[in-house]
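Asker: Sequence first, predicted coordinates after that:
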Amino acid sequence: MIKQLLTAMAISLPCIAISQVSLNATMAPPVNSMFIYYDANVPSPPFTFGTSGTSNLWDFSSLTPVMGADDTTYVAEPSSVPGGASFPSATHCTFEDGQPSYTMMQINSSGVTFLGSVSDLSGSGNYMPLIAVPPLQAMSFPYVYGSSVSGSTYFEVMASGASIGQPNLDSVHYKSTISGQRNVIASGDMILPMGTLPAILERSIDSTIDTLWVKGAQTGNQWVISPGFPQTSTDSAFYWYTNQSLLAYAHALYDNTGLHDVNYFKNRVTGVKEINTQAGFAYPNPVNNILYISLPVNTPASYDIRIMNAQGQEVMKGKTSVNQLNVSLLQPGIYHLELWATNGNKSVIKFVKN
């Protein structure tokens, strides 16, 4: 299920650690920008780091990134993306390359608040607004070493079965409840390829309960809980923040298998005019045979395509006016799908071939 964890952002000006990091509204990420991160995936040898005290030194420059697997996060005007009108108080919308969800946030003088998301819950290409009730506080300013925030929220969707790709069902009712706890547990310096920066370390733990009810002829037209539900999960993450941005420069994510993802800042591009058309998604991801492409509304009907492998080599190209590609002949690995629209805008979607 969708869990909205703030993504890594930074600016490319090195500095020396000279003061305590204190986050505030003036550090909000610029709208119409994109941020690129090195992806170290699961580092080998394992990435170890201090999680307490005030004199830590976190060295990300020693990690070896996965070639061709950079992560990209976009920051957009909320009203410019599909479903944004459902969040009139949102000031920022963020979304990651290849992830089927737009995150809606409000940033003001008191802090950062998660308002909800517009997401493709079923992987069918149908995006729905998921409004957090109540909105969930993510930061309270000033956000410094020793700060702590916690809270719970839920969102739910009532829809027809056909709208989520289940035409054999009359109706579905989905509800997700999230309880989150964030504590700033350490401070120090972080070493990045761009230089050394003062930083604070946040520990984030999110517990989620997802429930799905269905109704149709197969259930005697009665509401029943769908097989496999309710589902529970707990996500644990560490986020590093500097005095250059509200959002993290790096993260280390954990699940029940242990550490599964580390990324850290590489570059930032501002003034991205075609931000609306860069929010393409591909599913299923990972994919075996047919890759379906979902692009925002107002995207031109036809476009040139090019697929690059992790080494930057072109492995497929052509022109299409349909929303699917047969990638069965590609070797397993990480790829970037480039779509060039007739108006000159470019979308880049990262996907994994099994």
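Answerer: Yep, that arrived. If you're wondering where the values come from, they're calculated on a predicted model, not measured in any experiment. Numbers count the residues shown, from 1 in each chain.

Asker: how would you label Pro227: helix, strand or coil?
Answerer: coil (DSSP: H, G, I helix; E, B strand; the rest coil).

Asker: per-residue confidence at it?
Answerer: Confidence at Pro227, expressed as pLDDT, is 92.

Asker: Just give me the neighbour total for it.
Answerer: Counted with other CB atoms under 10 Å, residues neighbouring Pro227 total 7. All C-beta atoms are positioned from the backbone trio N, CA, C, and that covers glycine.

Asker: Equivalent analysis for Pro29, please.
Answerer: 22.

Asker: likewise Phe265?
Answerer: So Phe265, with other CB under 10 Å, has 27 neighbours.

Asker: Adjacent strands (with direction) for the helix or strand containing it?
Answerer: Here Phe265, judged by DSSP states H and E, is contained in strand 258-270. Within its sheet, strand 258-270 is paired with strand 33-41 (antiparallel), strand 250-255 (antiparallel), according to DSSP bridges.

Asker: any weak-confidence spans in the stretch 51-200 of the chain?
Answerer: By pLDDT under 70, the weakly predicted segments of the stretch 51-200 of the chain are 68, 97-100, 122-126, 163-165.

Asker: what ranges do the strands span in it?
Answerer: With DSSP state E, counting those that start in this stretch applied, the stretch 51-200 of the chain shows strands at 53-59, 71-76, 92-96, 101-108, 111-119, 128-140, 148-160, 171-192, 195-215, listed in chain order.

Asker: Pull out the buried positions in the strand holding Phe265.
Answerer: For strand 258-270, burial by neighbour count (16 or more other CB atoms under 10 Å) applies to 259, 261-268.

Asker: Which residue ranges of the stretch 201-350 of the chain form strands?
Answerer: With DSSP E, counting those that start in this stretch as the criterion, the stretch 201-350 of the chain has strands spanning 224-225, 231-242, 250-255, 258-270, 281-283, 290-294, 303-309, 314-320, 324-326, 333-341, 346-353.

Asker: Run through the neighbouring helices and strands of the last one.
Answerer: I take that to be strand 346-353. Strand 346-353 sits against strand 71-76, strand 281-283, strand 333-341, with contacts defined as 3 or more CB pairs under 8 Å, 6 or more residues apart in numbering; DSSP states H and E.

Asker: now the ones you listed in CSV, with mean neighbour count and distance to Thr196?
Answerer: Formatted as CSV, the helices and strands packed on strand 346-353 follow (neighbours: other CB atoms under 10 Å; distance: least, CB to CB, whole Å):
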stretch, mean neighbour count, distance to Thr196
strand 71-76, 23, 22
strand 281-283, 23, 36
strand 333-341, 19, 30
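
Asker: Quick one: those as TSV, columns for distance to Gln166 too.
Answerer: TSV is the format used below for these (distance: least, CB to CB, whole Å):
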stretch	distance to Gln166
strand 71-76	30
strand 281-283	16
strand 333-341	27
